[in-house]
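Q: this one's sequence-less:
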């Protein structure tokens, strides 16, 4: 790679001997002016599950495809093709509602082993360019290409080439965001979907953040966004104007995060190693249950499944969490932490039933339950583990085991 690709400006063609790629670099300062500026790519596959299904079954091409349970089930949408999204269908939406929005949609049962297989192909492509890869899920990851295997100074060129390799090898498209930190790279990847590429440089980041909707900030959900709106904050410049103390007073520690992030400050490294935060299992029932024999039996099954997963992972945890979603989709979580010792099978079952009784009899008596979940955290063996693709897939193994309801 002898060419000075980072010197390209505007729209020019780089003949690499492998591909003829048109490179659009918005500002070369990201690549050349400061050797300490990181070059981060966030690659997010486009409607991944649905796209895999359409690639494997060409008859689905051009149709509104929904990956999830059947319309008659109590499952939720795992993924929706862009044709389905035009009808307002989104991930985590009940499949019954998705059907009402689009009766002609094709519902496909998830094939998680297949998605894992394709994800491994994509990660092999990543490793051609860098070993510094932080997976977020099967279909997205951060890559640090500041120093990369092909000695290319242009992160944009590397991202273009990765996208082309993925298309050639899997027939799927992904969108890439490129910037000097993880937050901005992730925001950028959503700007030109599908099959997009967007760059946020040190020179244009302030202008970009000023006009950005604050609801796009990771961690800002419906509740936080409603509170921000009540304070007259909808755009980045309105958040930027607020003093840090003001934001802390209204949002606690999250206020400090908002103050930093709207200024484009994010020092987190792209890390191939991550501390395991929690291990969990949950299930959506085929019918809603009042507190009683059926609900207790479901909790027993979850407790047994969680204990098996803990033994498989050789995990020793101190905190047990209970998740309850009621028939009206109201959701609550409760947890309990042992001051001494670690959770064993008997303790998990005992504490889980204790918390469920508190929630369903004392706090929310008479409410039917749609979903139960159990999780453990606060591990006694808190040591960094290799976030290999197989470990990152654990959550998807769980989904396949439990089904979508």
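A: Arrived safely, thanks for sending. Remember, it's a predicted structure, so these values are computed and weren't measured experimentally.
Q: mind listing the strands for the stretch 151-300 of the chain?
A: 174-179, 197-199, 273-274, 278-289 (DSSP state E, counting those that start in this stretch).
Q: go ahead and confirm residue 281 touches residue 375.
A: Yes. Using Cβ atoms under 8 Å, residue 281 makes contact with residue 375 at a distance of 7.5 Å. Where C-beta positions appear, they are placed from N, C-alpha and C, glycine not excepted.
Q: between the two, which contacts overlap?
A: Residues touching both residue 281 and residue 375 (Cβ atoms under 8 Å, 6 or more residues apart in numbering) are residue 306.
Q: higher neighbour count, the two?
A: Neighbours were counted for residue 281 and for residue 375 using other Cβ atoms under 10 Å; residue 281 has more, 24 against 20.
Q: bridging across strands, which residues link to the more buried one?
A: In this entry, residue 281 is beta-bridged to residue 374, by DSSP bridges.
Q: distance of it from residue 138?
A: 18 Å (Cβ to Cβ, to the nearest Å).
Q: who wins for proximity to residue 161 among the strands of the stretch 151-300 of the chain?
A: Relative to residue 161, the nearest member of the strands of the stretch 151-300 of the chain by Cβ to Cβ is strand 174-179, separated by 10.4 Å.
Q: parallel or antiparallel, which strands does that closest one pair with?
A: strand 40-45 (antiparallel), strand 197-199 (parallel).
Q: do you know which of the ones you listed lies nearest residue 252?
A: Here strand 40-45 is closest among these (Cβ to Cβ), at 27.5 Å.
Q: rounded mean pLDDT for the closest one, please.
A: Averaged across strand 40-45, the pLDDT comes to 98.
Q: residues making contact with that strand?
A: Residues contacting strand 40-45 (Cβ under 8 Å, 6+ apart): 51, 122, 126, 139-146, 155, 158-159, 162-163, 166, 172-182, 184-186, 188-190, 193, 270.
Q: name the next helix or strand downstream of that strand, please.
A: Going down the chain from strand 40-45, the next helix or strand is helix 48-56, by DSSP states H and E.
Q: okay, the strands paired with strand 174-179, which one's buried deepest?
A: Most buried of the strands paired with strand 174-179 by mean neighbour count (mean count of other Cβ atoms under 10 Å) is strand 40-45; its value is a mean of 26.
Q: can you list the domain ranges for this structure.
A: 1-209+262-272, 218-261, 276-383 (automatic domain parsing).
Q: among those, which is the most enclosed?
A: Highest mean neighbour count among the domains of the chain (mean count of other Cβ under 10 Å): domain 1-209+262-272, with a mean of 18.
Q: so what pairs up with the residue lying closest to residue 127 once chain neighbours are set aside in the strands?
A: Closest residue to residue 127 apart from its sequence neighbours, by Cβ to Cβ, 6 or more residues apart in numbering: residue 133 at 7.1 Å. As for beta bridges, residue 133 partners with residue 143 under DSSP bridges.
Q: kindly report the same for residue 179.
A: Here residue 179, judged by DSSP bridges, has bridge partners residue 40.
Q: how much space is there between it and residue 144?
A: 12 Å.
Q: which other helices and strands does the helix or strand hosting residue 120 contact?
A: Assigned by DSSP H and E, residue 120 falls within helix 112-129. Contacts defined by 3 or more Cβ pairs under 8 Å, 6 or more residues apart in numbering; DSSP states H and E place helix 112-129 against helix 48-56, strand 133-137, strand 140-144, helix 155-170, helix 389-392, helix 394-402.
Q: neighbouring contacts of the first one?
A: Pointing back at helix 48-56 there. The contact list for helix 48-56 (Cβ under 8 Å, 6+ apart) reads 45, 60-61, 63, 65-67, 78-81, 84, 108, 110-111, 114-115, 118, 138-139, 170-173.
Q: so how far is stretch 127-144 from its chain's centroid?
A: 13 Å (Cα atoms, centre = their mean, to the nearest Å).
Q: between the two ends of it, how far is it?
A: Stretch 127-144 has its terminal residues 11 Å apart, counting by Cα to Cα, to the nearest Å.
Q: pLDDT on that stretch, on average?
A: 94.
Q: which strands and helices sit next to the helix or strand containing residue 346?
A: According to DSSP H and E, residue 346 maps onto helix 345-357. Packing partners of helix 345-357 (3+ Cβ pairs under 8 Å, 6+ apart): helix 293-313, strand 317-326, strand 331-337, strand 369-379.
Q: could you dump those to JSON lines with mean pLDDT?
A: Output for the helices and strands packed on helix 345-357, formatted as JSON lines (pLDDT from 0 to 100):
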{"stretch": "helix 293-313", "mean pLDDT": "92"}
{"stretch": "strand 317-326", "mean pLDDT": "93"}
{"stretch": "strand 331-337", "mean pLDDT": "89"}
{"stretch": "strand 369-379", "mean pLDDT": "92"}
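Q: how about these in JSON lines, adding distance to residue 202?
A: Listed next are the helices and strands packed on helix 345-357 as JSON lines, based on distance: least, Cβ to Cβ, whole Å:
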{"stretch": "helix 293-313", "distance to residue 202": "41"}
{"stretch": "strand 317-326", "distance to residue 202": "40"}
{"stretch": "strand 331-337", "distance to residue 202": "39"}
{"stretch": "strand 369-379", "distance to residue 202": "37"}
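Q: list just the one of the ones you listed that sits closest to residue 239.
A: Using Cβ to Cβ, the nearest of these to residue 239 is strand 331-337, at 27.2 Å.
Q: residue ranges with poor pLDDT in this structure?
A: Within the chain, the set of residues satisfying pLDDT under 70 comprises 1-36, 273-276, 381-405.
Q: perfect, that will be all.
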